[in-house]
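[1] could you work out the structure for the sequence below:
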Amino acid sequence: MPSRRFVMGAGVAGAAVLGGLGYRAWDRGVIETGADPNSGPAYWPWRDWQGYPSDGSHRALRAAILAANPHDTQPWQFQAWDNGIVFIANRRRNLGAFDPFRREMHLALGAATENFVIAAKSFGLDTNVQPYEGRLEAEPGNAPVAAVFVGLANGTPGRDKLLAAIPNRHTNRGPYRRDRHIAQAQLDALSADASNDLAQIAFVADPVARAEMGATIVEATRQIIDDRQMSQDSARWIRTSPREIEEHRDGITLDAAGMSPFVTALGKMLPDLDPATADGYWLDATRDVMVPSAPVLGAIFVADRLDMKSSIAAGRAWQRLHLGLTAAGICAQPLNQPVERVDRDAMRGRTNAYGSQIAQLCGMAGEPTFVFRLGYSEHDAPLSPRRPLGWVLRT
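    Here you go, the predicted model:
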């Protein structure tokens, strides 16, 4: 029989452990005080996205900052002039070896441009999109680079059919329903609406081709996590606590990582995982959940993935497609690991077959620059943090 001293000591230790766990649960956002965990200032831009008439031409920029972008890096700045807005690539907010040519960064600038154009139309502004010429170079440094000029003129207010989808478009990294399929006619209509002169969208729904494309995505993921530099450059954009989220207002949060509520809570309670362990979970999820649960995979093709104008066009196509999917109740998630490996190998003077494999499976010419999955989700996607307009507007 344990002594009274032992029992009292165990009670004090237990209380200390429980108290410590209770504090950590509060500090890491596991215990909420009746509020939505996505209700803090880091998420207010989703609520205030239409701005106010007094914002003038800045009003549509509140929609631009809600655009899709890699790892929620939000790599944009905006410079307003009397006749338009310059969209600037903030190269300090890069993914390092994950995006050595800053190709995905320019996809994000294209996505922000598309949101801006859609919103500006509803506010009575005519737009003229003029991407800058250039070729994306390896290791370009961190100096900001102008990517797009959007000319503005007063016009008649109109309403793009995708306007209402802007605050509802989110990346859904969870499992998709295996019992629901997307009709080919619907896919064709979505592709026709979102494709443009420089970027073409293709879908893969055939089970055999989809399985082969999925295997390519999984193998590319395996190569990424075996690449120490890519792993480290990705890990620095993971946000694990409410305080960290509010400080940075960017990055991939545990809530948005696509895990079950229990695993999400456990992940918040436990010490932060080292990159290798986190990468192992990512590989498992890609292989066992993300790829096999998706009824459709797809890719966006351009003639030259390192042409700046083509990257902007591809980003616009992805944003418009994702908005169209959102309006139709269909979820989407980038699975761009094959193209990220193409870029990584190209930077190191190597080649791989991922680009040609994706092109063959999709029956497309040109180069893939963006790979993704579609489906109907079992759960709604949470919000991602967003930096407010004041943080990204240059004066």
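[2] gap between residue 67 and residue 384?
    In this view, residue 67 and residue 384 are 11 Å apart by C-beta to C-beta, to the nearest Å. Where you see a C-beta, it was placed from the backbone N, CA and C, and this is true even at glycine.
[3] before we move on, what about residue 229?
    Residue 229 sits 25 Å away from residue 384 when distances are taken as C-beta to C-beta.
[4] for residue 279, same thing?
    21 Å.
[5] compare these two (neighbour count), which wins?
    Set residue 279 next to residue 384 and count neighbours by other C-beta atoms under 10 Å: residue 384 wins out with 26 against 21.
[6] helix, strand or coil: sort out the more buried one for me.
    Using DSSP: H, G, I helix; E, B strand; the rest coil, the structure places residue 384 in coil.
[7] which non-adjacent residue is nearest it?
    Leaving out its chain neighbours, the residue that sits closest to residue 384 by C-beta to C-beta, 6 or more residues apart in numbering is residue 72, at 4.9 Å.
[8] quick one: contacts for that neighbour?
    Going by C-beta atoms under 8 Å, 6 or more residues apart in numbering, residue 72 touches 237, 250, 251, 252, 384, 385.
[9] how many neighbours does the residue lying closest to residue 182 once chain neighbours are set aside have?
    Nearest residue to residue 182, sequence neighbours excluded (C-beta to C-beta, 6+ apart): residue 296, at 5.5 Å. Using other C-beta under 10 Å, residue 296 has 20 other residues around it.
[10] kindly report the same for residue 161.
    Neighbour count of residue 161, defined by other C-beta under 10 Å: 11.
[11] switch to numbering from 22
    New numbering, starting at 22: the last item is residue 182.
[12] if I look at it, how far off is residue 140?
    On the measure of C-beta to C-beta, residue 182 and residue 140 end up 13 Å apart.
[13] next: residue 217.
    Taking C-beta to C-beta, one finds residue 217 at 18 Å from residue 140.
[14] just the pLDDT at the spatially closest residue to residue 324 that is not a sequence neighbour, thanks.
    Using C-beta to C-beta, 6+ apart and skipping residues adjacent in sequence, the residue nearest residue 324 is residue 387, 5.1 Å away. Residue 387 carries a pLDDT score of 96 in this model.
[15] look up phi and psi at residue 387.
    Main-chain dihedrals, residue 387, degrees, to the nearest 10: phi 90, psi -170.
[16] next: residue 100.
    According to degrees, to the nearest 10, residue 100 has phi -120, psi 120.
[17] likewise residue 113?
    Torsion angles, degrees, to the nearest 10, at residue 113: phi -70, psi -20.
[18] now do the contacts for the closest residue to it other than its chain neighbours.
    Of all residues not flanking residue 113 in the chain, residue 163 sits nearest, at 4.7 Å (C-beta to C-beta, 6+ apart). By C-beta under 8 Å, 6+ apart, the contact list for residue 163 reads 112, 113, 115.
[19] same thing but 10 Å
    111, 112, 113, 114, 115 (C-beta atoms under 10 Å, 6 or more residues apart in numbering).
[20] contact partners for the fourth one?
    Contacts here follow C-beta under 10 Å, 6+ apart; on that basis residue 114 touches 90-92, 94-98, 126, 129, 163, 258, 271, 408, 413.
[21] for these, pick the one with the most neighbours.
    Neighbour-wise, the contacts of residue 114 (other C-beta under 10 Å) top out at residue 129, 31 neighbours.
[22] okay, it: pLDDT?
    Residue 129 is assigned a predicted lDDT (pLDDT) of 98.
[23] is it fair to say it lies in a helix?
    Yes. The assignment for residue 129 by three-state DSSP puts it in a helix.
[24] so what's the residue lying closest to it once chain neighbours are set aside up against?
    What sits nearest to residue 129 in space, not counting adjacent residues and going by C-beta to C-beta, 6+ apart, is residue 90, at 3.5 Å. Applying C-beta under 10 Å, 6+ apart to residue 90 gives the contacts 96-97, 114, 125-126, 128-130, 132-133, 192, 271, 336, 340, 355, 405.
[25] low-scoring stretches of the protein, by residue?
    Where the chain drops to pLDDT under 70, the residues are 22-58, 277-294.
[26] please, where are all the strands along this structure?
    Per DSSP state E, the chain carries strands over the ranges 97-102, 105-110, 146-152, 166-175, 221-225, 259-260, 273-274, 317-323, 352-355, 388-396, 414-415.
[27] nearest to residue 243, out of those?
    Within these, the stretch nearest residue 243 is strand 388-396; the backing value is 15.4 Å (C-beta to C-beta).
[28] relative to the closest one, what are the paired strands and their orientations?
    strand 317-323 (antiparallel), strand 352-355 (antiparallel) (DSSP bridges).
[29] any idea how far the first one is from the middle of the chain?
    How far strand 317-323 lies from its chain's middle: 16 Å, per C-alpha atoms, centre = their mean, to the nearest Å.
[30] also stretch 140-158?
    Taking mean C-alpha positions (C-alpha atoms, centre = their mean), stretch 140-158 and its chain are 21 Å apart.
[31] start to end distance for it?
    Start and end residues of stretch 140-158 are separated by 32 Å (C-alpha to C-alpha, to the nearest Å).
[32] which parts of that stretch are buried?
    Neighbour-count burial for stretch 140-158 flags 140, 141, 142, 143, 144, 146, 148, 150, 152, 157 (criterion: 16 or more other C-beta atoms under 10 Å).
[33] equivalent analysis for stretch 359-377, please.
    The neighbour-count check on stretch 359-377 (16+ other C-beta under 10 Å) flags 359, 360, 361, 362, 363, 364, 365, 366, 367, 373, 375, 376 as buried.
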